[in-house]
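Novice: when you get a sec, could you give me coordinates for this:
(one chain, ligands or ions: 1)
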Amino acid sequence: MTVPLANTSLFRKDAFIHGEWTPALNGARRAVHNPATGAEVAEVAECGADDVARAIEAAVAAQAQWRNRTGAQRQVILARWHDLVMDNLDDLATLIVTEQGKPRAEAAGEIRYAASFLLWFAAEAMRGYGDVIPPTNPATRLSVIRQPVGVCAAITPWNFPAAMITRKAAPALAAGCAMIIKPSELTPLTALALAELAHQAGVPAGLVQVLPGDGVRLGKALCASPAIRKLSFTGSTQVGRILMAQSAPTLKRLSLELGGNAPFIVFEDAHIEQAIKSAVAAKFRNAGQTCVCANRFLVHDSIYDDFATRFARVVDRLHVGPGNAPNSVIGPLISAGARDKVETLVRDAVTKGAGVLCGGTRDRAGALFYRPTVLREVTPAMRIAHEEIFGPVAPLMRFGTEAEAIAMANDTEYGLAAYFFTRDHARACRVAEELEYGMVGHNTGLISNEVAPFGGIKQSGMGREGSRYGMDEYQEMKYVCTDIT
Ligand code: ADP
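Specialist: Next up is the predicted model:
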């Protein structure tokens, strides 16, 4: 029950409340498991509503001080947190591999990505600009100032145990807010290690707190509190709806980053090699367990067979294995439930006529490993064309015209990420504008970075994270009208 870390202060199993490591008030604990082996890794504090109450009290007091710090003071602390995350990159990556399962290189990449939000928002802390508005009445002066929203809460998922925390906590702190974090039950260890580094960086007690525990119970307690002015959630659309409803009585501000059903369109004039390389990146990262993973491949009739054969050849060579094995590129799925869902979707597609070009079965590496799979002749009648797969399965569908491709791409309740491949500039402009998605990749399958606005439309949620727009989510705009007569 230990994880080999160089910096043992990062292996934390208690909650982090008011600057202290503390068990849950009722003493409850929950086991965290390694998805590659099934072995228990740690028993982590399982917080309840009374722990939430303690944390909110501490956050309110901490935020009252923090909001008066200058942007420069906030910047220094966020930059220090960034540096400590980078200094401890190997250990943090080990924690991710151990509790989440992704290959080590991807885990290290996630830590760099997570750190990038700390540095980006450290800089943004200095740019809380307002506005001066030319008045309609010469006897008045009108201005707009930006102020922190207040105490915020974040509920985060298991697929990016580090990045989903910094992407929310960094802008909150930069804007002058406090942040209470409820990490996924499956991956609390990375979140707790980040809290330790925040503490070492000089983040004041109560400003960043981590309460591991049950989503339903803690979600209710966080939503019910009028002291929490904003909730930022990343997870499923179904839970997003519950949180929105639960936030109605206190009219909380919300950022919801929910499910996706990303189309990946390959037009007949695409650079095929580039499309295949990008398809592998967009589909198989984190074993397909990201909300921006390509979920449906729409390929023009005239190149369909060529694309399918070449793509499947590359996919079939992707090595499956535990995240800490040097040659692994596809790790385990997060849980038996996730694996079962993938199996069910593949079975449904095959029963309705889809062909398996490669994969299509579990892998020998362990109970939660699934072979990277390419399915051909997938149709809208199959569940896999509509549901978020969250696994290493690429369904290929055909289209004949640009209008048909766009109609198929938009035929979903989701609107997070979309990808398309064409070398025709005019078509690129048209398609980018027609796709009903918050993010569009043109000739690329990798679009996320700290300077760009991440978020969706339709039932993929609301709000944007990262970029300069990410600050808006944690700021209130206040209009001040002065009569100068
Ligand atoms: P995923 O499919 O990524 O597990 P979930 O939406 O189920 O997505 O989980 C994401 C986060 O939401 C986790 O931290 C989980 O504990 C939390 N969660 C799950 N159900 C609820 C709920 N009813 N209310 C609040 N949070 C929840």
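
Novice: now the residue of the stretch 351-485 of the chain found nearest the ligand, nearest residue through space, not along the chain?
Specialist: In the stretch 351-485 of the chain, the residue that lies nearest the ligand is residue 390 (7.2 Å; CB to the nearest ligand atom). Heads up, the C-betas are built off the backbone N, CA and C, glycines and all. Closest residue in space to residue 390, ignoring its immediate chain neighbours: residue 289 at 5.1 Å, by CB to CB, 6 or more residues apart in numbering.

Novice: sorry, back to before: just give me the neighbour total for the residue of the stretch 351-485 of the chain closest to the ligand.
Specialist: Burial of residue 390 is recorded as 24 neighbouring residues (other CB atoms under 10 Å).

Novice: show the pLDDT at it.
Specialist: Residue 390 carries a pLDDT score of 97 in this model.

Novice: kindly report the same for residue 35.
Specialist: For residue 35, the model assigns a pLDDT of 98.

Novice: may I have the phi/psi pair for it?
Specialist: phi -70, psi -20 (degrees, to the nearest 10).

Novice: contacts only, for it.
Specialist: For residue 35, the contacting residues are 99, 100, 101, 331, 332, 333, 334, 335, 368, by CB atoms under 8 Å, 6 or more residues apart in numbering.

Novice: contact partners for the closest residue to residue 159 other than its chain neighbours?
Specialist: Counting by CB to CB, 6+ apart, residue 159 lies nearest to residue 289, which is 4.8 Å off, once chain neighbours are set aside. By CB under 8 Å, 6+ apart, the contact set of residue 289 is 159, 333, 334, 338, 390, 391.

Novice: if you set the cut-off to 10 Å instead, what comes out?
Specialist: Counting by CB atoms under 10 Å, 6 or more residues apart in numbering, residue 289 makes contact with 100-102, 157-160, 331-334, 338, 342, 388-392.

Novice: report the separation between residue 361 and residue 181.
Specialist: 38 Å (CB to CB, to the nearest Å).

Novice: tell me the residues of the chain that contact the ligand?
Specialist: Contacts of the chain with the ligand, taken as CB under 6 Å from any ligand atom, map to 155-158, 182, 184-185, 215-216, 219, 235-236, 239, 242-243.

Novice: which of the residues you listed sit farthest apart?
Specialist: Maximum pairwise distance among these (CB to CB): 17.8 Å, between 158 and 242.

Novice: more neighbours, the two?
Specialist: residue 158 (22 against 16).

Novice: more neighbours: residue 361 and residue 181, which one.
Specialist: residue 181 (27 against 11).

Novice: in a strand, the more buried one, correct?
Specialist: Yes: Residue 181 sits within a strand when classified using DSSP: H, G, I helix; E, B strand; the rest coil.

Novice: touching, it and residue 210? I think so.
Specialist: Yes: assessed by CB atoms under 10 Å, residue 181 is found in contact with residue 210 at 4.8 Å.

Novice: need the residues touching each of these two.
Specialist: Joint contacts of residue 181 and residue 210 (CB under 10 Å, 6+ apart) are 16, 55, 154, 156, 165, 169, 188, 191, 192, 194, 195.

Novice: show me the contacts for the second one.
Specialist: Residue 55 sits next to 15-18, 22, 47, 151, 153, 178, 180-182, 206, 209-211, 218, 221-222, 225, 228 when contact means CB under 10 Å, 6+ apart.

Novice: is it possible to mark the buried ones in those?
Specialist: 15-18, 22, 47, 151, 153, 178, 180-182, 206, 209-211, 218, 221-222, 225, 228 (16 or more other CB atoms under 10 Å).

Novice: where along the stretch 151-300 of the chain do the strands fall?
Specialist: 151-155, 178-182, 208-210, 228-234, 253-257, 262-266, 294-300 (DSSP state E, counting those that start in this stretch).

Novice: mind checking the SS state of residue 32?
Specialist: Secondary structure, three-state DSSP: residue 32 is strand.

Novice: which strand residues bridge it?
Specialist: residue 42 (DSSP bridges).

Novice: show me the contacts for it.
Specialist: Taking CB under 10 Å, 6+ apart, one finds 1, 3, 13, 40-44, 98-99, 184-189, 212 in contact with residue 32.

Novice: per-residue pLDDT, residue 3?
Specialist: 88.

Novice: measure it to residue 324 for me?
Specialist: Counting by CB to CB, the gap from residue 3 to residue 324 is 11 Å.

Novice: for residue 312, same thing?
Specialist: 28 Å.

Novice: please say which of the two ends up with more neighbours.
Specialist: Remark: of residue 312 and residue 324, residue 312 carries more neighbours, 22 against 17, as counted by other CB under 10 Å.

Novice: ok, and the closest non-adjacent residue to the more buried one?
Specialist: The shortest distance from residue 312 to any non-neighbouring residue, by CB to CB, 6+ apart, is to residue 357 (3.8 Å).

Novice: point me to the helix or strand that includes the one you found.
Specialist: For residue 357, the host element (DSSP states H and E) is strand 355-358.

Novice: dump the C-alpha coordinates for that strand into PDB.
Specialist: Presented in PDB, the C-alpha positions along strand 355-358 are these (Å, rounded to 0.1, in the frame of the first residue of the first chain):
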ATOM      1  CA  GLY A 355     -17.000  -5.300 -39.500                       C
ATOM      2  CA  VAL A 356     -14.000  -5.500 -37.200                       C
ATOM      3  CA  LEU A 357     -10.800  -4.500 -39.000                       C
ATOM      4  CA  CYS A 358      -8.600  -4.900 -35.900                       C
END
